[in-house]
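S.K.: What would the 3D arrangement of this be:
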Amino acid sequence: MSAQIFIFDTTLRDGTQGEGISLSADDKLKIAQKLDALGVHYIEGGNPGSNNKDIEFFKRVKTMKLNAKITAFGSTRRKNSVAEQDASLLRIIESGVPAATLVGKAWDFHVHTALQTTLEENLAMIFDSFALLKHHGMEAMYDAEHFFDGYKNNPEYALAALRKAQEGGADWLVLCDTNGGTMPNEIHEIVSRVKEELNTPIGIHTHNDCELAVANSLAAVQAGARQVQGTMNGYGERCGNANLCSIIPNLQLKLAYSCLEDDRIRLLTGTARYVSEIANVHMPVGQAFVGNAAFAHKGGIHVSAIMKDAKTYEHIEPELVGNKQRILVSELAGQSNIISKATELGLDITSNNEKTKQIMEQIKDLEHQGYQFEGADASLELLLRDAFTDAVQIFKVESFKIHMEKSNASMICEAIVKINVGGQIVLTAAEGNGPVNALDNAMRKALVQFFPRIEQIHLSDYKVRVIDEKDATAAKVRVLVESTGLDNTWSTVGVSSNVIEASWEALLDSIRYALLHMSKTTGDGPESEFVERLGLVNH
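M.R.: Numbers count the residues shown, from 1 in each chain. Next up is the predicted model:
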């Protein structure tokens, strides 16, 4: 039977030390629920009493029925003091959590320079603190700060710090590469030595300053560590912490360790993206295992091969981690890309179809103009459906106008939109905080009487990219719009030398895509009734 590795998630504590990441108490509680559903064993919530958010978190999390052990964080007692009177330790005990992590010095340099105390007093601080937690029946973990640097500088003292924690009753000895500068071979060698010297189970806590946090965590496990600490998406101070989104599948799917239940690891991609949304941090498309491009294929030769057998260019089945295969269509695409994408959409085409060659040329021409469909799947789907089906225009835009007026300290934007829906002309006007927002509001106002569920759709992201900077303000721009609603998220693209026109094009595609999928998925709602009354054909 494969060895059990205990996953310790510190996104809510160490992860929030990353630049640009700030989580409210509500955010932390939502993420805790998601991490618990994923099946991690420990969720470190922060330091009870250190700030109002953490106080609220620990108070409210007690009412939630979670399987993971909620863990509090703190430091060993202050120098030249009594553990039973240490405010930080008392707050941890009073928080009512079942487990706690205490950080303590393991590098003699830090003892002298940062703590400015003696090596003997530091050891006493470690022992007293863990003895107190164990007296109160808590599971206790020693985060041996700067352990690897300390070991390389003075191995006997670093080991002495671990022994004191063990004598105090610590349940885990977590070896920290706090500065993130240790190499994997060093990690393996040092963890192996620690395992020989001590009986307490070992954990590993690495940072990513050399882009080695994941590799170092794996090396530690192979040397005998049985707890891995890290964060979702690798959030953390400086270059980040070890990324659990890579560590978990590497350990479980590649090295045959047991981390999560098989049905839980399939939640990994969804959890990573959920945390990214709550943290309001863009997730790199190329992030291993869980990124949007982790199983995306663009080169025609690659796509041709994976259509025969996905193993030709995929190291695992993407569904194992809750991700999916994606075929990208661009100017580099071959016929295989078009055929695969069309098949995914349920369109019946063949490589001998003349339309396939025509759409390839059209895509290449559009990308030459500045369009980019890799990040705009919804626009690409509309393009393919227009080419390979008897596409029906559910509505047609007759005209639109935008009026902008600067009044005192405010800018007023108003959009007037005239559309034709099944022969009915609708003229609407709406205001917005900018021209794009005003156009969006006016279009929704015009369509909502025919398609009520359009109110559920909102624009979640808006990006503008200058295509050719040398043309300055006359340059073409590419606008990417991300929309969310109807349990889905989709992206569309527009290109023009006029940013309003490019935005309008992307907005129109977004609404067209939404209406297309409304009519497909709604069997008896008002949208389907309207489409049926017009005699339109659902795609």
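
S.K.: Can you show me the strands along the stretch 401-539 of the chain?
M.R.: Here the stretch 401-539 of the chain has its strands, by DSSP state E, counting those that start in this stretch, at 410-421, 424-432, 458-466, 477-485, 488-496.

S.K.: Gly230 is nearest to which of the ones you listed?
M.R.: Among these, strand 488-496 comes nearest to Gly230, with 26.5 Å by Cβ to Cβ. The way it works is simple: take the backbone N, C-alpha and C, and place the C-beta from them, glycine included.

S.K.: Rebuild the strands of the stretch 401-539 of the chain as JSON lines, extending it with mean pLDDT, distance to Asp149 and mean neighbour count.
M.R.: Formatted as JSON lines, the strands of the stretch 401-539 of the chain follow (pLDDT from 0 to 100; distance: least, Cβ to Cβ, whole Å; neighbours: other Cβ atoms under 10 Å):
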{"stretch": "strand 410-421", "mean pLDDT": "89", "distance to Asp149": "55", "mean neighbour count": "17"}
{"stretch": "strand 424-432", "mean pLDDT": "92", "distance to Asp149": "55", "mean neighbour count": "15"}
{"stretch": "strand 458-466", "mean pLDDT": "83", "distance to Asp149": "41", "mean neighbour count": "14"}
{"stretch": "strand 477-485", "mean pLDDT": "87", "distance to Asp149": "43", "mean neighbour count": "21"}
{"stretch": "strand 488-496", "mean pLDDT": "88", "distance to Asp149": "43", "mean neighbour count": "21"}
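
S.K.: Show me the one of the ones you listed that comes nearest Gly18.
M.R.: With distances scored as Cβ to Cβ, the stretch of these nearest to Gly18 is strand 458-466 (20.6 Å).

S.K.: Each with direction, which strands does the closest one pair with?
M.R.: strand 477-485 (antiparallel) (DSSP bridges).

S.K.: Now do the strand it pairs with and strand 488-496, the angle between them.
M.R.: Relative orientation of strand 477-485 versus strand 488-496 (axes from the mean of the first three to the mean of the last three Cα atoms, to 10 degrees): 160 degrees.

S.K.: Out of the strands of the stretch 401-539 of the chain, flag the one nearest Leu382.
M.R.: For the strands of the stretch 401-539 of the chain, the distance to Leu382 is smallest for strand 488-496, at 8.1 Å, taking Cβ to Cβ.

S.K.: For the residue nearest to Glu501 when sequence neighbours are not counted, name its beta-bridge partners.
M.R.: Nearest residue to Glu501, sequence neighbours excluded (Cβ to Cβ, 6 or more residues apart in numbering): Gly494, at 7.3 Å. Beta-bridge partners of Gly494, counted by DSSP bridges, are Val479.

S.K.: Please tell me how far Gly494 sits from Glu139.
M.R.: Plainly put, Gly494 is 55 Å away from Glu139 if you go by Cβ to Cβ, to the nearest Å.

S.K.: For Lys53, which non-adjacent residue is spatially closest?
M.R.: Ala25 (4.8 Å).

S.K.: now Ala256
M.R.: Once flanking residues are discounted, Ala256 sits nearest to Ser2: 5.0 Å by Cβ to Cβ, 6+ apart.

S.K.: what's the burial count for that neighbour?
M.R.: Neighbour count of Ser2, defined by other Cβ atoms under 10 Å: 11.

S.K.: ok but it is inside a strand, no?
M.R.: No. Looking at Ser2 with DSSP: H, G, I helix; E, B strand; the rest coil, it is coil, so not inside a strand.

S.K.: I'd assumed Tyr257 was in contact with it.
M.R.: Yes. Applying Cβ atoms under 8 Å, one finds Ser2 in contact with Tyr257, separated by 5.4 Å.

S.K.: would you put the C-alpha positions of stretch 368-375 in PDB?
M.R.: C-alpha atoms of stretch 368-375 as PDB (Å, rounded to 0.1, in the frame of the first residue of the first chain):
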ATOM      1  CA  HIS A 368      -3.200  38.600 -39.700                       C
ATOM      2  CA  GLN A 369      -5.500  41.500 -39.000                       C
ATOM      3  CA  GLY A 370      -5.000  41.100 -35.200                       C
ATOM      4  CA  TYR A 371      -7.600  38.700 -34.100                       C
ATOM      5  CA  GLN A 372      -6.600  36.000 -31.600                       C
ATOM      6  CA  PHE A 373      -8.900  33.100 -31.000                       C
ATOM      7  CA  GLU A 374      -6.700  31.100 -28.500                       C
ATOM      8  CA  GLY A 375      -8.200  33.200 -25.700                       C
END
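
S.K.: Just the buried residues of it, please?
M.R.: Using 16 or more other Cβ atoms under 10 Å as the burial criterion, the residues of stretch 368-375 that qualify are 370-375.

S.K.: What is the nearest of these to Thr16?
M.R.: Gly375 (28.7 Å).

S.K.: That closest one and Ala144: what is the separation?
M.R.: Gly375 is 44 Å from Ala144, by Cβ to Cβ.

S.K.: And Phe127, by the same measure?
M.R.: Phe127 sits 14 Å away from Ala144, going by Cβ to Cβ.

S.K.: quick one: common contacting residues for these two?
M.R.: Counting by Cβ atoms under 8 Å, 6 or more residues apart in numbering, the shared contacts of Phe127 and Ala144 are Ala165.

S.K.: Looking at these two, which is more packed in?
M.R.: More crowded of Phe127 and Ala144, by other Cβ under 10 Å: Ala144, with 30 against 23.

S.K.: Tell me if that one really is in a strand.
M.R.: Yes. The assignment for Ala144 by three-state DSSP puts it in a strand.

S.K.: For it, which residues are in contact?
M.R.: Going by Cβ under 8 Å, 6+ apart, Ala144 touches 104, 106, 150, 158, 161-162, 165, 173-176.

S.K.: residues near the closest residue to His207 other than its chain neighbours, how many?
M.R.: In this structure, His207 finds its nearest non-sequential neighbour in Gly180, 3.4 Å apart by Cβ to Cβ, 6+ apart. Around Gly180 there are 23 other residues, counting by other Cβ under 10 Å.
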